[in-house]
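*Asks:* Prediction below, plus the sequence it came from.
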Number of protein chains: 2
Amino acid sequence: MQSSTGIIWYCLNEFFWNTGKHSSVSIQQEIHELGRRARAAAHVLSRLETKEKNRILSAMADAIDARRASIQDANHLDLAAGRAAGLTPALLDRLELTGARVQAMSDGLRVIVELPDPVGEVLRQWTRPIGIAIEKIRVPIGVIGIIYESRPNVTADGAALCFKTSNAVILRGGKEAVHSNRAIADTLRDAGREAGCPEDAIQLVQSTDREGVRHLVQMTEFVDIIIPRGGEGLIRAVAEQAHVPVIKHYKGVCHTYVDADADLEMAMSICENAKVQRPGVCNAMETMLVHTAVAPAFLPEMAGRLQSQGVELRGDAEARRLVPGIKEATDADWEEEYLDLILAVRIVPDLDAAIDHINTFGSHHSDAIVTESAGAQAAFTQRIDSAAVYVNASTRFTDGAEFGMGAEIGISTDKLHARGPVGLEELTTYKYVILGNGQIKE
Amino acid sequence: MQSSTGIIWYCLNEFFWNTGKHSSVSIQQEIHELGRRARAAAHVLSRLETKEKNRILSAMADAIDARRASIQDANHLDLAAGRAAGLTPALLDRLELTGARVQAMSDGLRVIVELPDPVGEVLRQWTRPIGIAIEKIRVPIGVIGIIYESRPNVTADGAALCFKTSNAVILRGGKEAVHSNRAIADTLRDAGREAGCPEDAIQLVQSTDREGVRHLVQMTEFVDIIIPRGGEGLIRAVAEQAHVPVIKHYKGVCHTYVDADADLEMAMSICENAKVQRPGVCNAMETMLVHTAVAPAFLPEMAGRLQSQGVELRGDAEARRLVPGIKEATDADWEEEYLDLILAVRIVPDLDAAIDHINTFGSHHSDAIVTESAGAQAAFTQRIDSAAVYVNASTRFTDGAEFGMGAEIGISTDKLHARGPVGLEELTTYKYVILGNGQIKE
């Protein structure tokens, strides 16, 4: 039953939301109207006090709990449609909203209530000789567009992070989660409205046509930034079409370099953790670099520990001499984000070669050195051009919660505005407020 | 003689540098090679100490003084070509390098030597319960592309600001200043090389073909940000083609709002200054909003003062009733950056209407309120969505030097990364350095 209902829903969905070019005018109108409303809501949001915002967020969290059953019903429609369309078990798992996951969504909102509100913080203040007092103040960015795939919890997380920072949000989820996303967004909007939240602080793009994404990311008059979340394909497509600035990371090709002066037992523990503890995430290690002087003492034992946990190694010539039988690493391996139990291994002659390799082939996300040498630590942290540079710790710590920033909306490998975890502070900008008493420029 | 030499140079220049699509492969190769070299230089620059950088910048300043005559000779070629091509006197003036202007360039470099180096500053540091110590450190952005028109002094200013912040720079000046820019860039490069500066820290695009700009702004692997400087047309063209992030401002449509509770004498002095003192710059006032309650006491006298200094007023119906004979303002006037002795005037019923007008028609650059009311001051500074919001002072102060930031490379009306004056700090990003002693993620 569920399955056939799912198919019918899926077909209706395809029919209504993927009608191609014929509907592009109306899709453009829909997106334009969302933008206009978001901008108006942002102006109202910028006047809300922190206390007000927290009260509304709490009401939203309660509403998610209260409507858990209907959110799960909507999710069942998506799951049935996904099964009918042949989604992989991994994708179906990402899509599923179990009772515990709905609870995690409302708990996530309550965590955001407890976090400090960055808006209004005075970042700096000073007075100029002519007598004008200048304050540099943290303010909301304005309107944020979030474009994401499958996981429906992003609907709640993204909306709450933007709301806490007084930004209006336009959410555009994937076609496969359309019912779940609508149920969650409706819950947040209804609860917000009842609690006195500005209309249209949170909006969901109803159309799942790709034309809508293009209009959204090019609508510079109404949208201030776009945050894409999903696979590299989605992110590249958004970045290439966008006229609005994009905060993003394409991928995490993270390295651990085991230096000549490494504590080898520490290096084994760190490398094992960085590769094995959760291989499918962006801060997991993808390439291990080993100084040639310690390679004989380190690599064979390390390889054994990794292989015993199912890791496939791909090595350069020297690594394959030390660990016979492993696959050969090609140039493509140095740039690959496996997101899996696979590890590229390269033996390097010195620290400079390790730094060059990481800056050349890495993705500027998170990279670690294991060494007891103060000189090597200093050179590595200064010269590695990545968002997070580690000394004697696992790259797996690059995460808003682990850094103590509370919730995050992603990790940026961009260099402008936000680098590394994107939390509440990174969803703000600043303005200068200048107080005078009649000063004019000579 | 000079003039005919100029024509010959101009024709040669057109021939060599504007050969259109046939040369697009070689232009792409040129730009790619500049990018590759800039990235390599950036890695070396990131290791230079402040003392070293200042020594090299001083040598560059001395070299500009020493080569003043040959820089002026090159400039004469550009001026002659410009005259032959019929450039306006205003453009020729922007292009001309008088002795005093060459001196101002070298003096500008010496000012940058004296400014504090933001690179390496620890923005925040903290320790997490698991024992990892996190530092958020200011670092160079990497490679900066600057695309600019006419004024050749940008070649020296831009290069020096980037060098002081350990960024490699790729400069792409306008065709009309090609000889001046080459002479200045060669001077800086030669002096830098002799003083031990990394090769290719400063590079000038030799081709002035537009294809080169397109390659430069799309070369994400080698260029981290693009800063366009020039007219709105140039900036829009760059922003639309760019895949690399752009820091920009399109225009400054700045407002002064004279509130019901204004000190009217102060308001007249501020408005006069904001409009008349230097009308051709981005922080000059373009629209004056006047509360209806004070309009009869304020506007006729203000209009007289402005008109006596040659200002043309364009008013809404109520303004024209109070100041008979002035032109009618159309909707287009509210969005116009006159950069001239022209002022749009609108009478508004209240503070809300003034805020709405500014947020709707303004360019989010610099906007002022004149009022003695604390409530109106607070509402205006909170709700106006601009880089600089003034109370009882002229908008003309939005400027890196006036803010006490030293030199600036422009004013950003973007909200991401840099808003307002773009000085040395704004040419940096940050990274997280994490120091552990073997921590792994549980």
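*Replies:* Structure's in. What do you need?
*Asks:* Tell me if the strand ranked longest in chain A is near chain B.
*Replies:* As assigned by DSSP state E, the longest strand anywhere in chain A is strand A:428-439. Yes. Strand A:428-439 reaches chain B (CB under 8 Å from any CB of the partner chain) through A:429-439. Every residue, glycine included, has its C-beta placed from N, CA and C.
*Asks:* The residues you listed into a markdown table, with extra columns for pLDDT and neighbour count?
*Replies:* Below are these laid out as a markdown table (pLDDT from 0 to 100; neighbours: other CB atoms under 10 Å in any protein chain shown):
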| residue | pLDDT | neighbour count |
| --- | --- | --- |
| A:Thr429 | 95 | 23 |
| A:Tyr430 | 95 | 19 |
| A:Lys431 | 95 | 21 |
| A:Tyr432 | 95 | 23 |
| A:Val433 | 95 | 23 |
| A:Ile434 | 96 | 25 |
| A:Leu435 | 96 | 19 |
| A:Gly436 | 95 | 22 |
| A:Asn437 | 96 | 13 |
| A:Gly438 | 95 | 16 |
| A:Gln439 | 96 | 23 |
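*Asks:* Identify the farthest-apart pair in these.
*Replies:* Checked with CB to CB, the residues of strand A:428-439 next to chain B reach their widest spread between A:Thr429 and A:Gly438, with 29.0 Å between them.
*Asks:* A:Thr381: neighbour count?
*Replies:* 21 (other CB atoms under 10 Å in any protein chain shown).
*Asks:* where do the helices sit along the stretch 251-400 of chain A?
*Replies:* A:264-276, A:295-307, A:317-322, A:331-334, A:351-361, A:374-383 (DSSP state H, counting those that start in this stretch).
*Asks:* and the angle from the fifth one to helix A:374-383?
*Replies:* Read it as helix A:351-361. Using axes from the mean of the first three to the mean of the last three CA atoms, to 10 degrees, the direction of helix A:351-361 lies 20 degrees away from that of helix A:374-383.
*Asks:* Quick one: neighbours of A:Gly196, just the number.
*Replies:* Neighbours around A:Gly196, by other CB under 10 Å: 11.
*Asks:* Verify the stated contact: it with A:Lys53.
*Replies:* No. Using CB atoms under 8 Å, A:Gly196 makes no contact with A:Lys53, being 10.6 Å away.
*Asks:* Enumerate every residue touching whichever residue of the stretch 201-350 of chain A sits closest to chain B.
*Replies:* Nearest residue of the stretch 201-350 of chain A to chain B (CB to the nearest CB) works out as A:Asn273 at 3.6 Å. A:Asn273 sits next to A:394, A:396, B:440-441 when contact means CB atoms under 8 Å, 6 or more residues apart in numbering or on different chains.
*Asks:* A:Ala239 too?
*Replies:* A:228, A:246, A:248, B:243.
*Asks:* I'd like the residues of strand A:428-439 next to chain B written out as JSON lines, with distance to A:Asp200 added.
*Replies:* JSON lines is the format used below for those (distance: CB to CB, whole Å):
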{"residue": "A:Thr429", "distance to A:Asp200": "21"}
{"residue": "A:Tyr430", "distance to A:Asp200": "25"}
{"residue": "A:Lys431", "distance to A:Asp200": "23"}
{"residue": "A:Tyr432", "distance to A:Asp200": "29"}
{"residue": "A:Val433", "distance to A:Asp200": "27"}
{"residue": "A:Ile434", "distance to A:Asp200": "32"}
{"residue": "A:Leu435", "distance to A:Asp200": "33"}
{"residue": "A:Gly436", "distance to A:Asp200": "36"}
{"residue": "A:Asn437", "distance to A:Asp200": "39"}
{"residue": "A:Gly438", "distance to A:Asp200": "40"}
{"residue": "A:Gln439", "distance to A:Asp200": "39"}
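*Asks:* Let me know the closest of these to chain B.
*Replies:* Distances from chain B to these, taken by CB to the nearest CB, are shortest for A:Gly436, at 2.9 Å.
*Asks:* what residues does the stretch 251-400 of chain A put near chain B?
*Replies:* Close to chain B, as judged by CB under 8 Å from any CB, the stretch 251-400 of chain A has residues A:263, A:266, A:269-270, A:272-274, A:277-278, A:359, A:377, A:381-383, A:385-394, A:396-398.
*Asks:* please redo it, this time with the cut-off set to 7 Å
*Replies:* By CB under 7 Å from any CB of the partner chain, the residues of the stretch 251-400 of chain A that approach chain B are A:266, A:269-270, A:273, A:277, A:359, A:381-383, A:385-394, A:396-397.
*Asks:* just the buried members of the residues you listed?
*Replies:* A:266, A:269-270, A:273, A:359, A:381-383, A:385-394, A:396-397 (16 or more other CB atoms under 10 Å in any protein chain shown).
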